[in-house]
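> Would you be able to build a 3D model of this:
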Amino acid sequence: MRLYAYVLEGRDLCVEDSYVKLQLGKFKSKTRVLRRSRNPVWNEEFAFRVHDVGGELILSVLHHDDDSGFFNSSNELVGRVRIPVSAVLAKENQTLPPTWFSLERGRSGKFISKEYGKILLTISLHGRSQDTTADHPLYAHSRVKTRDFKEWEGLVESEDIVSSNTSTWKVPEGKQLMKAIASRLEKLLGKNEETSKMDDSSEVSSIPSDYEDCIEEQRPSCCSFEEAIELMQSRNGEQEMPENLQGGILLDQTYIVASKVLNMLLFAPNSQFRQDLAELQRTTNMKEGPWTWKSGALSCLTRVVSYTQAATKLVKAVDALEEQTYIKADGREFAVLVNVDTPDVPYGNSFKVELLYKIMPGPELSSGEESSHLVVSWGLSFSQNTIMRGMIEGGARQGLKESFDQFANLLAQNFKTLGSIDSLDKDQMLATLQTEQQSDWELATEYFGNFTVVSAFFMVIYILVHILLSVRSEQQGLEFSGLDLPDSFGELITCGILVIQLERVYAMILHFVQARFQRGSDHGVKAQGDGWVLTVALIEGINLASLDSTGLSDPYVVFTCNGKTRTSSVKLQTHDPQWNEILEFDAMEEPPAVLDVEVFDFDGPFDEAASLGHAEINFLRHTSTELADMWVSLEGKLAQSSQSKLHLRIFLDNNNGVETIKEYLAKMEKEVGKKITLQSPHRNSTFLALFGLPPEEFLINDFTCYLKRKVPLQGRLFLSARIVGFYANLFGHKTKFFFLWEDIEDIQVHPPSLASLGSPSLVIILRKGRGLDARHGAKSQDEEGRLKFYFQSFVSFNVASRTIMALWRTRTLTPEQKAQIADEQQDEDGSSLLLEDPGSVFNVEEAKMSKVYSAELPIDIKSLMEMFDGGNLEHKIMEKSGYLNYKATGWETVKPDLYERHLCFKFNRHVSIFGGEVTCTQKKSPIGNDNGWILNEVMALHDIPFGDHFRVHFRYQIENFGLAPGKCKCEVHMEILWLKSTVFQQRITRNITEKFTSRLKEIIELVEREALLNCPQDSSP
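Coordinates of the predicted model:
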């Protein structure tokens, strides 16, 4: 880039015999001396190469004194003008029209006049693309002079270019002004007055200044951008693609678009993408020069782009200059080298940033669409050594990373990325999954096409043919009519092999039939409600562990998210199961943070099912693209030794849009007692970029506070729907971490103390083994391995603590607790706990029931019936027996001598590995003559495998023991009523009967013990 300065004339100078000295950086030049004139006319042009757009052009008017002595200075300063290069750069067409500038006060005391005169100048900046003669109307002749100044009277005067705002310069219309100047010069060129009076010894400065090298050959671009690219392709078609720059890769992504189209989007003149990017990054004053040819060893296209970068926390807004040069353009592959000059940043004169854009054709797609591969690398070019090199590289790396993150996000909005969820949406992927299922005949052929079945088949055929061809033999040995025994050891061995083979074939047929007719209760069930809907496609598993000697297992998978579970079907006798099942979770109010996955070996719903492996999927650690198709490695001794994996496709959608977020915030407002507003998109996107979170996350609030460690660190505590995050930046040293709400075990409030600077402290304690990525922010770790975080000095501690506690409670409440709160708010009764039609179940005949318990108890009927009255004893017994969240309604009269109530509870993990919810309906009626009670109970088990296939019916008969007063007899009968058929009916019946028999015995023994302990207290006065 060159700067052209035109020194036209001076007016009202305080001296005669003057000349002008020009300096830009370390380069200098000067005009000739004009004698005996206070209104000199120079009309001279000077060209300077610009190395720093932050520099300034200094024009000094000096007095030439021929009478000065040998030791005296002959160049006395009259005044000077300073013009920043950036001020010219900001002008339209990068040209400063002819403008009068007042001379600054000279530092020498020789001239005491307050008015030092004015000087008329015009300045322009031109990149390598502009012709040095054609584009400058004043470039006609450097020795043209005139004494008629009326043509210049309309020009605006500027008092001080440094102190005045360049945006306030007022100039007449550029085209009319240039025409007037050109017309005036044509008149001046025809004159030949007083040239002999000029000092012939002065230099002719129409030639560029003495430091300038030869001007490169340049051609203005008279064709379109597309034509210029094609022309470059014809000239440099064999140019190789350059290597990536040494700084590293900023962007490496494949887009579903032709490389030629992507090149046009990024580098075509007036690109809408560049304008959108400038608006996103708050870049101002962006000006693009035209693409022009630069001749050299290889002809190439180049242009200059100038703009003002937005201010940051550490650096003010600065001007930047980009020189973009095409290195390669063959129609399919493009390489553009960009040199970025930012002289206004600290040490900006010592380095330049280099960026290399490489656009190459991407892989072929099955859809037939074209793709392109974009790689952006960077590097630094230092013009001089500096001890701050490391700091400069670190700052540049961080700034470029943030800038190109925005670049990539905006580009992804214009074109689909290869491998992203947008390229193959959820419905297409799930539809593809369902079409991948094989028919029964295909599965049968694959399953039975093995050596065991084939050999057994041929052996049976062979023996049948042998029997048909054989002649009936006489009875031998111990044989008799109807009994034909083997006549040799060979026949005996053959019969044994045939029996073993047939047994194995029978087992295989049984397993195949069970696998084909068994379906999981949650497969294909559509999600209900509005909010965050989680869809899990369970494809397959490989290398699943086995506890059987056969090396095969009966695996099924349980998914748990936000307290809700979904269960897959059971696959029999396999270590590489193929599920191809779709499981949907009902809509949730807040986005889920973690999905727990566990694989079990099925052996009855109440057994301590053996775990074959487990995994935890953190939605905040994976992008939607990764979740859309992922292999999950299972943890656990068995799984790790077998290298077990599951193939999943996970989709998280918000089917109610921003309304879901607003409803969630409205609920939080009731908990906090303070208005919570929806954060702006810019603030929320900044928060997401700061912690690297997925786009569905949303910021709720943030607070200024101190993180207490060895030294208190001031920063901001961010609260979102799924995380608690902290960020601090102390003199460039950044501290950043976050953990999930589910990771928190307890939150404590410590009173003010000297150590906390008189402020209450909020202590967050994580669960053991959780939040390990955030351990650098923890103050301590207790003996159990729990991390503790101390936060203090909140601006409003009450607001901060209430908000944190409310969000934590919301995320950690069980679904039952949430349902209870909702019921209380809506004044609903307990009708949701009733069975749909339990009356038909109570009509089962006692003869069909099995007696599972019978005992004579040393307590009376009244003491035993306290187990069914809903009092403290009942709740105490049930809690000890492993029944959680036990709730019971009061007894209601259905009809004379018939009472009914409803129960709801949940098994703990020691009773059932599934921990499913249980709802019961109980009916009781007295035995004649007040001799006792008959109580019927129907139990429904939820959230367990095959729980919707059956109901459990108990019949309690409690009556007086006539032989001994104060004693009673208790008998319990049980029956499992099947609502749907299943091949596991016998196994489930056996498992439930065994479990409940032991549970009933344990419960009644606890009642007996409590009743006996309370007897002395009851008898005391």
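
> and the residue nearest the centre of the chain, what pLDDT?
Relative to the mean C-alpha position of the chain, the nearest C-alpha, by CA atoms, centre = their mean, is the one of Pro694, at 2.3 Å. We have a pLDDT of 85 for Pro694.

> show me the contacts for it.
With contact set as CB atoms under 8 Å, 6 or more residues apart in numbering, Pro694 has these partners: Phe619, Leu620, His622, Thr623, Ser624, Leu688. Quick note: C-beta positions are derived from backbone N, CA and C, even for glycine.

> Quick check: the gap between the residue lying closest to the third one once chain neighbours are set aside and Tyr556.
Residue nearest to His622 in three dimensions, not counting chain neighbours: Met630, with 7.2 Å by CB to CB, 6 or more residues apart in numbering. Noted for Met630: a distance of 20 Å to Tyr556, by CB to CB, to the nearest Å.

> More neighbours: which of these two?
Set side by side, Met630 and Tyr556 give different neighbour counts by other CB atoms under 10 Å, the larger being at Tyr556 (23 against 15).

> Please settle this for me: is that one part of a strand?
Yes. Assigned with DSSP: H, G, I helix; E, B strand; the rest coil, Tyr556 falls within a strand.

> which residue packs closest to it, ignoring adjacent ones?
Residue nearest to Tyr556 in three dimensions, not counting chain neighbours: Val570, with 4.5 Å by CB to CB, 6+ apart.

> where's the one you found relative to Asn580, distance?
As for Val570, its distance to Asn580 is 14 Å (criterion: CB to CB).

> can you check Val20 too?
For Val20, the distance to Asn580 (CB to CB) stands at 85 Å.

> just checking, what's the longest helix in the protein?
Under DSSP state H, the helix in the chain containing the largest number of residues is helix 985-1019.

> Determine the set of other helices and strands touching that one.
Of the remaining helices and strands, those touching helix 985-1019 by 3 or more CB pairs under 8 Å, 6 or more residues apart in numbering; DSSP states H and E are strand 850-857, helix 861-865, helix 872-880, strand 950-960, strand 968-978.

> Save those as TSV, and put in mean pLDDT, distance to Trp532 and mean neighbour count too.
What follows is the helices and strands packed on helix 985-1019, written out as TSV (pLDDT from 0 to 100; distance: least, CB to CB, whole Å; neighbours: other CB atoms under 10 Å):
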stretch	mean pLDDT	distance to Trp532	mean neighbour count
strand 850-857	87	44	14
helix 861-865	86	47	18
helix 872-880	86	34	15
strand 950-960	89	33	19
strand 968-978	89	36	18
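
> Please identify which of the ones you listed is closest to Ala778.
Minimum separation from Ala778 across the helices and strands packed on helix 985-1019 (CB to CB) falls at helix 872-880, 34.7 Å.

> Identify all contacting residues around that closest one.
Counting contacts by CB under 8 Å, 6+ apart, the residues outside helix 872-880 that touch it are Glu866, Met867, Phe868, Tyr886, Ala888, Phe905, Ile1003, Leu1006, Val1007, Glu1010.

> what do you get if the cut-off is 6 Å, keeping everything else the same?
Helix 872-880 is touched from outside by Glu866, Met867, Tyr886, Leu1006, Val1007, with contacts defined as CB atoms under 6 Å, 6 or more residues apart in numbering.

> How about stretch 949-959?
841, 844, 861, 864, 927, 931-940, 969-980, 982.

> Count the residues that sit near Pro242.
Around Pro242 sit 13 other residues, with neighbours defined as other CB under 10 Å.

> Excluding chain neighbours, what is closest to Glu16?
Arg36 (5.3 Å).

> Looks to me like that neighbour is in a helix.
No. Using three-state DSSP, the secondary structure at Arg36 is coil, not a helix.

> Distance of it relative to His64?
In this structure, Arg36 lies at 11 Å from His64, with CB to CB as the measure.

> ditto for Glu1005
122 Å.

> Compare those two and say which is more crowded by neighbours.
The residue with more neighbours, out of Glu1005 and His64, is His64; 18 against 13, by other CB under 10 Å.

> gap between the host helix or strand of Gln501 and the chain center?
The secondary structure element spanning Gln501 is helix 489-517 (assigned by DSSP states H and E). On the basis of CA atoms, centre = their mean, to the nearest Å, helix 489-517 sits 54 Å off its chain's mean C-alpha point.
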